[in-house]
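> Provided below are the primary sequence and the corresponding predicted coordinates.
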Amino acid sequence: AGGRAERIDILGPSTSRVIDGDYTSCRRDGADKPDWVLSARQLDLVTAGADPALPWRLHALQADLSGTLRTLTLNATAQAAHGNHQFGFNGQAQAARAKDGSWQARLDSAQLSAQDSLHPGLWTLQLPSAMELNWQQQGNYRSLQLSPGSVQLSGPIAGLAKLSWQQAQWSQQQHPSGSV
């Protein structure tokens, strides 16, 4: 299926996003492995309350999602523009749902580039190695774990900055009364 999206309310009136542009999407059914593809030549997004004359303009968007809920693979590339700023993204990820309901995800690669037409030079943020996330929810307990990792930042001046982190964990125990 494909067509022209015009002023679609995606997230509801209080946090709406408006999309205007041309897109193509399709679902290819296999025996037990559906594939989803979203391809857009151009989509304009405007956040609620923002100036509609200055949309986020997505172009050259290609997102391929394949697999089942037990094992998903995502490959995505896109370019975006907002005012004088130009952005590019390329990433690959995988996710799997275990029998106990927990999710494991791995961001295999990601690269984000940015530049401002008023200032020369390209900035690039890159994930040099895979990063893993684990999500568990059992009853009133929620937990998110992030594997150790790093990102590298390069800019128009020679050199490279590296931001590294150790394994991180967040958890929340909700009390039966509903409070945290």
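All right, it came through fine.

> May I see the buried residues of stretch 138-152?
Buried residues in stretch 138-152, counting neighbours by 16 or more other Cβ atoms under 10 Å, are found at Ser147, Gly149, Val151. (C-beta placed from N, C-alpha, C; glycine too.)

> Could you do stretch 45-63 as well?
In stretch 45-63, the ones that count as buried by 16+ other Cβ under 10 Å are Leu45, Val46, Pro55, Trp56, Arg57, Leu58, Leu61, Ala63.

> Looking at the buried residues of stretch 138-152, which is nearest Gln167?
Ser147 (6.0 Å; Cβ to Cβ).

> How about the closest one: what's its closest non-neighbour residue?
Beyond its immediate neighbours in the sequence, the residue positioned closest to Ser147 (Cβ to Cβ, 6 or more residues apart in numbering) is Glu132, lying 4.0 Å away.

> Partner strands of the strand or helix carrying that neighbour and their direction?
Taking DSSP states H and E as the definition, one finds Glu132 inside strand 131-138. Here strand 131-138 has these sheet partners by DSSP bridges: strand 103-116 (antiparallel), strand 141-146 (antiparallel).

> Most tightly packed of these?
With neighbours defined as mean count of other Cβ atoms under 10 Å, the strands paired with strand 131-138 peak in mean count at strand 103-116, which reaches a mean of 16.
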